[in-house]
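Student: Task: produce atomic coordinates for the following.
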Amino acid sequence: MTGGPEPLSAVAREALERELADLRTEREAVAATLRGGGGDEVGDRADQADELQRADELDRLDGRVTEIEGRLREGAVAGAPSTAAVGVGSSVTVRFADGTESALHIGELANAVDATLVTAESPLGRALLGHGAGDTVTYDTPEGRTTAVVVSVG
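Tutor: Predicted coordinates:
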């Protein structure tokens, strides 16, 4: 990507906000199962191991929550996607080697509901990033390398 704040599409923002809500709910449930700090309870090794595993899960959830919150903040300050070059959040029309054209959206999260979404980490997405109208890109497919032409960005 560009190294600066990357734009965030509305679809990606909604997906991240949903994931964040789910993570917070899960975190609350895991935190409620942990003991309140070294009481007088005596447990066996299995109890201690289980508590350590839940503490690790809590750390993992906290890390992902922090990551998503940061990405949402970054997307908010990045502004709208560029219309000069393809970037995360861009809408782009592409002409494939077989002559067909498709309007695509470049995002960072896969979305089974949006068939026009291409992730920035996919072979086509990576090839398109930074290119403008008229550029030809080469990318790998399961059938081998192929090309596509950026018709428009916007």
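
Student: Quickly find the element holding the closest residue to Ser102 other than its chain neighbours.
Tutor: Nearest residue to Ser102, sequence neighbours excluded (CB to CB, 6 or more residues apart in numbering): Val94, at 5.7 Å. The C-beta positions use only the backbone N, C-alpha and C, and glycine is treated the same way. Taking DSSP states H and E as the criterion, Val94 maps to strand 91-96.

Student: average pLDDT for the helix or strand containing Asp50?
Tutor: Taking DSSP H and E as the criterion, Asp50 maps to helix 45-78. Helix 45-78 shows a mean pLDDT of 87.

Student: Please apply the same query to stretch 143-154.
Tutor: Mean predicted confidence for stretch 143-154 is 93.

Student: now stretch 10-22
Tutor: Average pLDDT, stretch 10-22: 83.

Student: Which residues outside it are in contact with it?
Tutor: Identification of contacts with stretch 10-22 by CB atoms under 8 Å, 6 or more residues apart in numbering yields 8, 65, 68-69, 71-72, 75, 88-89, 105, 107-109, 111, 114, 117.

Student: can you give me the offset of it from its chain's centre?
Tutor: 10 Å (CA atoms, centre = their mean, to the nearest Å).

Student: Please apply the same query to stretch 144-154.
Tutor: The chain centre lies 22 Å from the centre of stretch 144-154; the measure is CA atoms, centre = their mean.

Student: Give me the ChimeraX select line for the contacts of stretch 10-22, limited to the buried ones.
Tutor: In ChimeraX, a selection of the buried entries from the contacts of stretch 10-22 looks like this (16 or more other CB atoms under 10 Å):
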select :8,65,68,71,75,88,89,105,107,108,109,111,117
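
Student: Now for the contacts of stretch 10-22: which two are most distant?
Tutor: Greatest spatial distance among the contacts of stretch 10-22 (CB to CB): Val65 and His105, at 26.0 Å.
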